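[1] below is the sequence, then the predicted model.
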Amino acid sequence: MNGGQALLKSLEIEGVEVIFGYPGGAILPVYDPIIDSNIRHVLVRHEQGAGHMAEGYAHATGKPGVCMVTSGPAATNIVTPLADAYLDSVPMVCITGQVALAAIGTDAFQECDTTGITRSITKHNVLVTRAEDIPAAVKEAFHIATTGRPGPVLIDIPKNIVDLNNPDAYFDFTYPDDVDLPGYNPTITPDPAAIEAAVALMSAAERPVLYVGGGVLKARGAEVLRRLAESANIPVVTTLMARGAFPDSHELCLGMPGMHGNYTAVTAIQRCDLLLAMGSRFDDRVTGKVGAFAPDAKVIHVDIDPAEHGKVRRPEVSIVGDCRVVMEAVLDRIEVVGGTSTFADHTDWRQQLSGWQEKYPLTYEPAAPGEYLKPQFALEKLRDACPADTIVASGVGQHQMWASQYWTFDHPYTWLNSGGLGTMGFSIPAAIGAKAAFPDRMVWAVDGDGCFQMTAQELITAAVEKIPIKVALLNNAYLGMVRQWQELFYDERYSQVHFGHELPDYVKWAESMGCVAFRVEDPDEVEVTIAKANEVNDRPVVVEFRCHSEENVYPMVPAGGSNDDIIVHPSQRDEEASS
Amino acid sequence: MTGGPAHRTIVVLVEDKAGVLARVADLFARRGYNIVSLAVAPTNDTRFSRITIVVDIESAPLDQIVKQLFKLINVVEIAELAPADAVERELLIATVEAPKESRNQVVEIVDIFEGKILAVSADRLTVSLDGRPSKLDDFEVLLGDYSIVDLQRSGRIALPKIGREVPRLRAVG
């Protein structure tokens, strides 16, 4: 079998359903056997799109996303999704073509040092040098990408080892049963002593909070999280990476903490006496000023990556292991010590939290007559018009924060976004990846005008490949988040942030890419337009919501500030001063 | 070179695969950890190489450095070697100015330290010394009186003392 056929065969054995890719010189020989493969290939319009589609597929399914591109500029174009997947622990296997081995190091056409460039933004990468090593490289890549803390793995394939005319590129195909990785053995099962210590702290805590991060979703732990929170009566905050890991509608759910988290979620962490960090990593967007973060809390840190323990905050109890396995062990231990009846009472704590929720809900002023739409209003209407299992993908910026704030995430794996790297343009390709995995589910990309202009061309991919996603384009004519910072921290000196509502004409642009497109300016037309968009199932849809330019995201913790200095919505500030 | 209290020696057993040294070096660079010295060579098992790194723990806590190293797929084992538990060796070679008037004094220093003279010219000597890193430090100071033209140290290599328990650092905990 030829190396290229072996690569495809290996991917088939790994259960790959779809490859997001783009052909080119060095990867050409691998594109020949694709014609005969059962695996679907989605031809993207830019390599960055292929990477984000693979991420979206992985976020939504939990299975590794696969992308394939050629060498040189294609490899550098996919650097951004790799970095994105690395920071958000997304399982992904990226295959890049490379110039022939003999040409490596000669500055050959479309040559770049792909493994060198991607070393610090992949969980692992490898340059395969012999055709017969391809099956083991694929086996190891999928193993590494999906076990322990998931992440992207890159396989760089020189052209000569897949060349149809090279006799050395042929070998007898066998797929290995095992991987040979003596240095790789992630800890899944926690240390029982740490579990005992954790339950002891939990039983004594009067003001506990479960600080849930993306690790719970990666561990498929949403169901056991719910059992744990309910049995121990512990309120839950879900970080930007964990929206949907715990139902927003649940009475114990406090929503999102962090820089644009709601007042109650942020303040609950600040005032808690026990912070149960579950698959979360004390990111600066959550902690604000680290020295002032959760000052009264003892910390139990659960994470599968040992390096996260003590990186930012030294925990009282450190539990290395898979979040789901750990939570099950905690529940078992609670059983052993006689259940939660002896746990400290949380009634006062719950009442305090409800008081804050009542006093400081998320809020915005409705648009005055004649004004453009409030983006929060558009999102509320969209949320109410979509099925509960709708998948929402978001770009990066104000619209991302509003989507996270105003959507009700009651199911895991319904929220796809770029949390760690903050990659503008993530939403459209990520939504396509998710829709390719779940053609029967509704998938909405919530996008801003800045983000839309970065990756909109993938709507052509969606149209041609019949992957009918829907895009809610919140067009506020500005790079809104940057504008907000310039308003608040740069004396309203607006530098290079104005895009304008009119140019481009988003409706014409979307139509030219094979989409159905609508523009909404009047609040009264929002619902009816969303209803029309939701009825389109054969083509992608873009709804341009003409939004107010000066709307800010609140609450807000200024960068580097303490979470205690949270700035609430202007309408809530007097009340705060008098309390 | 042998360092004060802020320097610690870790021995990293790695799979002998292409690019593994670059992975280790990249990790130190990316996370802002300082390497004081680094020596790498094959071991008696052809599958593995051993990298001896003297790290500056003022730049980052040792346990973070170790945990981040463990995240590299090709890193198999890491041990910290405290000086009391380890046999440490290093090699120094130096070319020093040694005109007639001072040549005997240089030779005398080399003799006292049981070093070797590797090359001689009319007014220079190239000398070598191997031994404990602290001994090399002393040697280097004394040679300094005679105008060093060039000096190269190998970086230390180390093994646990026979029969001494060395903490095998685990990625867990």
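    Received, thanks. Residues are numbered from 1 along each chain as shown, chains lettered A, B, ... in the order given.
[2] which stretches of the chain have low pLDDT?
    Going with chain A. Of all residues in chain A, those with pLDDT under 70 make up the ranges A:575-579.
[3] sorry, I should have been clearer: chain B.
    Chain B contains residues with pLDDT under 70 at B:1-5, B:166-173.
[4] domains in chain B, by residue range?
    Taking automatic domain parsing as the criterion, chain B consists of the domains B:7-85, B:87-157.
[5] how about the ones you listed in CSV, adding distance to residue A:293 and mean neighbour count?
    C-beta: built from backbone N, CA, C; applies to glycine. Converted to CSV, the domains of chain B look like this (distance: least, Cβ to Cβ, whole Å; neighbours: other Cβ atoms under 10 Å in any protein chain shown):
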stretch, distance to residue A:293, mean neighbour count
domain B:7-85, 19, 18
domain B:87-157, 40, 16
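[6] which one of those lies closest to residue A:360?
    Among the domains of chain B, domain B:7-85 comes nearest to residue A:360, with 36.9 Å by Cβ to Cβ.
[7] still on that earlier bit, specify the stretch among the domains of chain B that is closest to residue A:520.
    Nearest to residue A:520 among the domains of chain B is domain B:7-85 (45.7 Å), distances taken as Cβ to Cβ.
[8] tell me the contacts of residue 158?
    All of this is about chain A. A:26, A:98, A:99, A:100, A:101, A:104, A:127, A:128, A:129 (Cβ atoms under 8 Å, 6 or more residues apart in numbering or on different chains).
[9] actually chain B
    Shown here is residue B:158, whose contacts under the criterion Cβ under 8 Å, 6+ apart are B:9, B:11, B:52, B:81, B:86, B:87, B:88, B:89.
[10] roughly how far does residue A:60 sit from chain B?
    26 Å (Cβ to the nearest Cβ, to the nearest Å).
[11] please apply the same query to residue A:168.
    Using Cβ to the nearest Cβ, residue A:168 is found at 19 Å from chain B.
[12] residue A:395 is in contact with residue A:422, isn't it?
    No. Under the contact definition of Cβ atoms under 8 Å, residue A:395 does not touch residue A:422, with a separation of 9.6 Å.
[13] which one's more surrounded, these two?
    For residue A:395 against residue A:422, the residue with the higher neighbour count under other Cβ atoms under 10 Å in any protein chain shown is residue A:395, and the figures read 30 against 16.
[14] which residue packs closest to the more buried one, ignoring adjacent ones?
    Closest residue to residue A:395 apart from its sequence neighbours, by Cβ to Cβ, 6 or more residues apart in numbering or on different chains: residue A:451 at 3.2 Å.
[15] can you give the distance of the strand or helix carrying that neighbour from its chain's centre?
    If you go by DSSP states H and E, residue A:451 is part of helix A:449-455. When distances are taken as Cα atoms, centre = their mean, to the nearest Å, helix A:449-455 is centred 18 Å away from the chain's centroid.
[16] swap in stretch A:517-532?
    The offset between the C-alpha centroid of stretch A:517-532 and the centroid of the whole chain comes to 28 Å, using Cα atoms, centre = their mean.
[17] could you measure from the nearest residue to residue A:346 once chain neighbours are set aside over to residue A:169?
    Setting aside the residues directly before and after it, residue A:346 is nearest to residue A:233 in space (Cβ to Cβ, 6+ apart), at 5.2 Å. As judged by Cβ to Cβ, to the nearest Å, residue A:233 and residue A:169 stand 62 Å apart.
[18] when you check chain B, which of the contacts of residue A:158 turn up near it?
    With the criterion set as Cβ under 8 Å from any Cβ of the partner chain, the members of these near chain B are A:127, A:129.
[19] would you check which pair of the contacts of residue A:158 lies furthest apart?
    When these are compared pair by pair using Cβ to Cβ, the farthest-apart members prove to be A:26 and A:129, with a separation of 14.5 Å.
[20] is it true that the residue nearest to residue A:346 touches residue A:251?
    No. Residue A:233 sits out of contact with residue A:251 when judged by Cβ under 8 Å, with a separation of 10.2 Å.
[21] of these two, who's got more company?
    Between residue A:233 and residue A:251, residue A:233 has the larger neighbour count (other Cβ under 10 Å), namely 16 against 9.
[22] and for the closest residue to chain B within the stretch 301-450 of chain A, the neighbour number?
    When distances are taken as Cβ to the nearest Cβ, the stretch 301-450 of chain A approaches chain B most closely through residue A:307, which lies 3.8 Å from it. Residue crowding around residue A:307 was assessed by other Cβ under 10 Å; the count is 21.
[23] over to the one 10 residues further on?
    Using other Cβ under 10 Å, residue A:317 is surrounded by 22 other residues.
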